[in-house]
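# output the structure for:
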Amino acid sequence: MKIQFSRGRQNRILGLHRDDCGSAAIEFAIFAPIMVILILGTVEIGLDMIVDASVQLAAQQASRSGLIVVAPVAPATRASQAQAIAMNILQGWTNIGAQVSITELDFGSYGNGANAQAGIGNLGDVVSYNISVTMPGFSGIPQLFGIPTLTFQRNYLVQNESE
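Residues are numbered from 1 along each chain as shown. Model prediction:
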């Protein structure tokens, strides 16, 4: 049995495939989430690059404190001076939940690699600086990919100036 439609109803049914009302809303609903994720991901990468550059700068400035010839005035030590310099640069990131770790290892000399000690060392000593910043992502995009925290780290090996 064949269903018969009236001429007017048949024209309306056949005309539906040419009707594009609402297609912009459907396209927006499909592509908007993708575009939002791409934009947030771009902002996240940019902010992460700023944090990474801050850690780089802090490590460079902290390691320079070991390169100066003049020993710090007591009670300050080279270690406290280097940590103060690095924390001054990284303080802004701790305000938003970042954890900053600054460690120094004194190797004594280049040939004394197995006997590292904690501390900044004396004049002429070889010192390794390790600065690490651990923080959650800014936008939540890293968490979507299973990365709960981001770690930015720099290591420097310098020899303190000797007199």
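
# for the chain, where's the lowest mean pLDDT among helices and strands?
Ranked by mean pLDDT, DSSP states H and E, the helix or strand of the chain with the weakest confidence is strand 117-118, at a mean of 52.

# tell me the first helix or strand C-terminal of it.
Once strand 117-118 ends, the next helix or strand along the chain (criterion: DSSP states H and E) is strand 126-135.

# quick check: buried residues in that next one?
Across strand 126-135, burial judged by 16 or more other CB atoms under 10 Å covers 126-129, 131-133, 135. (C-beta placed from N, C-alpha, C; glycine too.)

# elements contacting that strand?
Under the contact definition 3 or more CB pairs under 8 Å, 6 or more residues apart in numbering; DSSP states H and E, strand 126-135 sits against helix 23-67, helix 78-94, strand 99-106, strand 150-159.

# now what about the helix or strand that that strand is followed by, what contacts it?
Counting by DSSP H and E, the next helix or strand C-terminal to strand 126-135 is helix 141-144. With contact meaning CB atoms under 8 Å, 6 or more residues apart in numbering, helix 141-144 is reached by 37, 40-41, 44, 136-137, 148, 150.

# and helix 141-144, average pLDDT?
Averaging pLDDT along helix 141-144 yields 87.

# mind listing what's buried along it?
Applying a neighbour-count criterion of 16+ other CB under 10 Å, one finds 141-142 buried in helix 141-144.

# in space, what's closest to Tyr129 - neighbours in sequence excluded?
Spatial nearest neighbour of Tyr129, chain neighbours left out: Tyr156 (4.4 Å); criterion: CB to CB, 6 or more residues apart in numbering.

# hmm, that neighbour is touching Gln60, no?
Yes: between Tyr156 and Gln60 there is a contact under CB atoms under 8 Å: 7.3 Å.

# report how many residues lie close to Ile89.
The local packing of Ile89 (other CB atoms under 10 Å) involves 19 other residues.

# OK, contacts around the closest residue to it other than its chain neighbours?
Setting aside the residues directly before and after it, Ile89 is nearest to Ala58 in space (CB to CB, 6+ apart), at 4.1 Å. By CB under 8 Å, 6+ apart, Ala58 lies in contact with 85-86, 89-90, 131, 154.

# what's the pLDDT at Ala58?
For Ala58, pLDDT reads 90.

# can you tell me how far it sits from Ile102?
Computed as CB to CB, to the nearest Å, the Ala58 to Ile102 distance reads 8 Å.

# ok, now Asn88?
Note on Asn88: its distance to Ile102, by CB to CB, is 11 Å.

# try Thr151
14 Å.

# tell me the contacts of Met135?
Taking CB under 8 Å, 6+ apart as the test, what Met135 contacts is 51, 93, 96-99, 149-150.
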